[in-house]
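Student: Structure here, sequence nowhere to be found:
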């Protein structure tokens, strides 16, 4: 009976660690922008001119991508061109 209890405990620990890992992976990196206020707070001395405008266009646009049922987008000002506007699918 003790063996079955160990299996159950092992499964429970694996599920908890899996959930924690998922939350850690999907957390904010602190650099993505998801609304007007965050776009307007982009440091214009650090990023090129026009970055705020691109950010606003992104967060008000739609990202119809697989795995993005909301259709919403978020913006990464420091990412390489072409990858800054990304689907808002819970990942950074």
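Tutor: Cool, got the structure. These numbers come from a predicted model, not from an experiment. Residues are numbered from 1 along each chain as shown.

Student: distance between the ends of stretch 56-68?
Tutor: 19 Å (C-alpha to C-alpha, to the nearest Å).

Student: Let me fix that, I meant to ask about stretch 79-87.
Tutor: From the first residue to the last, stretch 79-87 extends over 14 Å; the measure is C-alpha to C-alpha.

Student: all helices of the chain, in order?
Tutor: Assigned by DSSP state H, the chain shows helices spanning 2-25, 36-40, 51-60.

Student: Any idea which of these has the lowest pLDDT on average?
Tutor: Of all the helices of the chain, helix 2-25 carries the lowest average pLDDT, namely a mean of 48.

Student: quick one: residue 88 from residue 46, how far?
Tutor: 23 Å (C-beta to C-beta, to the nearest Å). To be clear about C-beta, it is placed using only N, CA and C from the backbone, and glycine gets the same treatment.

Student: ditto for residue 74
Tutor: With C-beta to C-beta as the criterion, residue 74 and residue 46 are 18 Å apart.

Student: Looking at those two, which has the bigger crowd around it?
Tutor: A count of neighbours by other C-beta atoms under 10 Å puts residue 74 above the other of residue 74 and residue 46, at 22 against 9.

Student: residues contacting that one?
Tutor: For residue 74, the contact set (C-beta atoms under 8 Å, 6 or more residues apart in numbering) comprises 32, 33, 34, 58, 59, 85, 86, 87, 88.

Student: try residue 62
Tutor: Contacts of residue 62 by C-beta under 8 Å, 6+ apart are 71, 72, 73.

Student: neighbours of the nearest residue to residue 55 once chain neighbours are set aside, just the number please.
Tutor: In space, and not counting its chain neighbours, residue 55 is closest to residue 39: 3.7 Å by C-beta to C-beta, 6 or more residues apart in numbering. Applying other C-beta under 10 Å, we find 21 residues neighbouring residue 39.
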